[in-house]
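Engineer: Provided below are the primary sequence and the corresponding predicted coordinates.
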Amino acid sequence: MRTLNKIIVVGASLAGLRAVQTLRQEGFDGEITLVGAETHLPYNRPPLSKGLLRGDDDILLPGAGELDDSWSRGRTAVHLNPATRTLTLDDGAELGYDGLVIATGARPRPMAAARMLRTLEDALALRAELERGHEHVVVVGAGFIGGEVASTARELGLKVTLIDSGRRPMLAGLGEVASAWLAGLHERGGVELVSGVRVQAVEEGRVRLADGRAIPAGLVVAGLGVVPNTEWLDGSGLPVDDGVLVEETLFARGSARIVAAGDVARWPHSLYGGATVRVEHWSNANDQGAAAARNLLAGPEESRAFDGVPNFATSVHGSRIQTAGLPHLADTATVVAGAPEEDRFAVAFTREDVLVGAVAVNSPKDLIKLKRRITAGQPIYDDQ
Ligand SMILES: Cc1cc2nc3c(=O)[nH]c(=O)nc-3n(C[C@H](O)[C@H](O)[C@H](O)COP(=O)(O)OP(=O)(O)OC[C@H]3O[C@@H](n4cnc5c(N)ncnc54)[C@H](O)[C@@H]3O)c2cc1C
């Protein structure tokens, strides 16, 4: 391990917390400063669109209460100068470092007059609105957050319309078969699905669509994807392009002292021919936070490439949808277990005959098998 005395971790959520915990577990006994824009102890975001909306407030991340390092709570990093190794905070404080972890995540794409869902405050405000019992909830964006909110609102007995500009919900991430099945599931769950049209404006009591239709709406929630939080790196010289561009080892390009992890990081993935990817999933932030911390301590020469296979799960209308790898990179998709009509099936995604992704619906064992094969770069799925 090389000698570092002061490490700053920017972003006090999943990736940042994992980085701090790993630095200590690996024996780093220097100074750690955690800088986080939020004032809460680090918490889990997945329950914000699931259990928390139904009243379950247990969302703290394990170990979040045991942070004994210096912690700038509610402070935002506004500028980084890698040449002088200083970080400037929004209160003007300047902090020096030997090593820096960037874990500033992402924020929702905004839509005027609609509710977003990223923070605990967002979720509590949405919960209060749902409890008020609006007659008609309109969810814009049928990605996983939009789908989960629509499903939860139906559970609460509310009328729900789900609007998406794509041809089918989650088409890019799930592929044709699972996406068509998901559209049917929403409809069976009592959600009115409006596809292939954009929202023009959210007006008083309704949502105006680009084709002129108006959908009545007491409450509008938008889940339109996220943008990485990188503005504070403007002028730092660090390369940024839809995320902080890092090497396979998670070191920022051209830097031996700065690593990035989680939703904010874009890195070349060896399993996908070096294509750069940015992954917005829990397990990626969890694993990368730890890997980035270990590599920061080891230094670029002794670092290991991060090649974790992304995986993700969402629950909608009582069905569990899991994905592994990157299905959108595939040229071919094949149903390899079960059938959509049975509400239980798995799809294997291959590119040039190599397995690159998998989707499993109510079929966790198939996902495990397929994920193992993706990790091994195997060509076929033949041991069902
Ligand atoms: C409602 C919801 C449901 C989800 N459900 C799932 C799911 O079911 N499965 C799944 O795999 N993933 C899910 N995710 C995604 C998952 O939560 C994220 O991938 C994960 O939170 C990423 O962690 P992170 O630490 O990289 O970033 P974030 O969690 O975004 O944390 C970044 C932190 O950095 C702070 N910050 C930003 N800029 C600055 C700055 N300049 N200075 C200081 N601090 C800063 C932010 O305030 C934030 O606290 C969900 C996300 C949401 C919002």
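Structural biologist: Cool, got the structure. Numbers count the residues shown, from 1 in each chain.
Engineer: show me what contacts the residue nearest to Ser49 when sequence neighbours are not counted?
Structural biologist: Nearest residue to Ser49, sequence neighbours excluded (Cβ to Cβ, 6 or more residues apart in numbering): Glu148, at 4.2 Å. C-beta here means a position set from N, CA and C on the backbone, and glycine is covered the same way. Counting by Cβ atoms under 8 Å, 6 or more residues apart in numbering, Glu148 touches 49-50, 314-316.
Engineer: Would you mind listing the buried residues in the least confident helix or strand in the chain by mean pLDDT?
Structural biologist: Ranked by mean pLDDT, DSSP states H and E, the helix or strand of the chain with the weakest confidence is strand 70-73, at a mean of 84. For strand 70-73, a neighbour-count test (16 or more other Cβ atoms under 10 Å) marks 71-72 as buried.
Engineer: So which other helices or strands are in contact with it?
Structural biologist: Identification of packing neighbours for strand 70-73 by 3 or more Cβ pairs under 8 Å, 6 or more residues apart in numbering; DSSP states H and E yields strand 31-36.
Engineer: Around the closest residue in space to Ala339 that isn't next to it in sequence, count how many other residues there are.
Structural biologist: Leaving out its chain neighbours, the residue that sits closest to Ala339 by Cβ to Cβ, 6+ apart is Phe345, at 5.4 Å. Around Phe345 there are 21 other residues, counting by other Cβ atoms under 10 Å.
Engineer: hang on, isn't Phe345 packed against Ser363?
Structural biologist: Yes. Between Phe345 and Ser363 there is a contact under Cβ atoms under 8 Å: 6.3 Å.
Engineer: what do those two both touch?
Structural biologist: In contact with both Phe345 and Ser363: 337-338, using Cβ under 8 Å, 6+ apart.
Engineer: picking up where we left off before, right, and the helix or strand after the helix or strand containing the residue nearest to Ser49?
Structural biologist: Counting by DSSP states H and E, the element that carries Glu148 is helix 144-155. Per DSSP H and E, the first helix or strand lying C-terminal to helix 144-155 is strand 159-164.
Engineer: and that following strand, what other elements does it pack with?
Structural biologist: strand 136-140, helix 144-155, strand 191-195.
Engineer: Please identify which of the ones you listed is closest to the ligand.
Structural biologist: Nearest to the ligand among the helices and strands packed on strand 159-164 is helix 144-155 (5.1 Å), distances taken as Cβ to the nearest ligand atom.
Engineer: check whether the closest one contacts the ligand.
Structural biologist: Yes. Counting by Cβ under 6 Å from any ligand atom, the ligand has neighbours in helix 144-155: Ile145.
Engineer: now that helix and strand 136-140, what's the angle there?
Structural biologist: On the basis of axes from the mean of the first three to the mean of the last three Cα atoms, to 10 degrees, helix 144-155 is oriented at 170 degrees to strand 136-140.
Engineer: Restricting to C-alpha, output helix 144-155 in CSV.
Structural biologist: Extracted in CSV, the C-alpha atoms of helix 144-155 (Å, rounded to 0.1, in the frame of the first residue of the first chain):
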residue,chain,number,x,y,z
PHE,A,144,-38.2,1.3,-13.3
ILE,A,145,-39.0,4.3,-11.0
GLY,A,146,-42.1,5.3,-13.0
GLY,A,147,-43.2,1.7,-13.1
GLU,A,148,-42.8,1.2,-9.4
VAL,A,149,-44.6,4.4,-8.5
ALA,A,150,-47.5,3.4,-10.8
SER,A,151,-47.6,0.0,-9.2
THR,A,152,-47.6,1.4,-5.7
ALA,A,153,-50.3,4.0,-6.5
ARG,A,154,-52.5,1.2,-7.9
GLU,A,155,-51.9,-0.8,-4.6
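Engineer: Return the set of buried residues in it.
Structural biologist: By neighbour count on 16+ other Cβ under 10 Å, the buried set for helix 144-155 is 144-154.
Engineer: Skip the chain neighbours and tell me the closest residue to Ala113.
Structural biologist: Val202 (3.9 Å).
Engineer: For the one you found, the count of nearby residues, please.
Structural biologist: Neighbourhood size, Val202 [other Cβ under 10 Å]: 18.
Engineer: So it versus Gly212, what's the distance?
Structural biologist: For Val202, the distance to Gly212 equals 15 Å [Cβ to Cβ, to the nearest Å].
Engineer: In contact with the closest residue in space to Arg109 that isn't next to it in sequence: list those residues for me.
Structural biologist: For Arg109, ignoring the flanking residues on the chain, the nearest one in space by Cβ to Cβ, 6+ apart is Leu224 at 4.2 Å. Shown in contact with Leu224 (Cβ under 8 Å, 6+ apart): 108-109, 111, 140-141, 143.
Engineer: gap between Leu224 and Gly166?
Structural biologist: On the measure of Cβ to Cβ, Leu224 and Gly166 end up 11 Å apart.
Engineer: neighbouring strands for the least confident helix or strand of the chain, and are they parallel or not?
Structural biologist: Strand 70-73 sits in its sheet next to strand 31-36 (parallel), going by DSSP bridges.
Engineer: just the angle between the one helix or strand Leu124 maps to and helix 144-155, please?
Structural biologist: Assigned by DSSP H and E, Leu124 belongs to helix 120-132. Regarding helix 120-132 and helix 144-155, their directions subtend 30 degrees when assessed with the same axes, to 10 degrees.
Engineer: now helix 120-132, how far from the chain's geometric center?
Structural biologist: 21 Å (Cα atoms, centre = their mean, to the nearest Å).
Engineer: For the remainder of this discussion, apply numbering that starts at 56.
Structural biologist: Okay, residue one is now 56; in that scheme the one you just asked about reads as helix 175-187.
Engineer: Skipping adjacent residues, who's closest to the residue in the stretch 306-439 of the chain that the ligand sits nearest to in space?
Structural biologist: In the stretch 306-439 of the chain, the residue that lies nearest the ligand is Gly317 (2.2 Å; Cβ to the nearest ligand atom). The shortest distance from Gly317 to any residue other than its chain neighbours is 3.0 Å, reached at Ala70 (Cβ to Cβ, 6+ apart).
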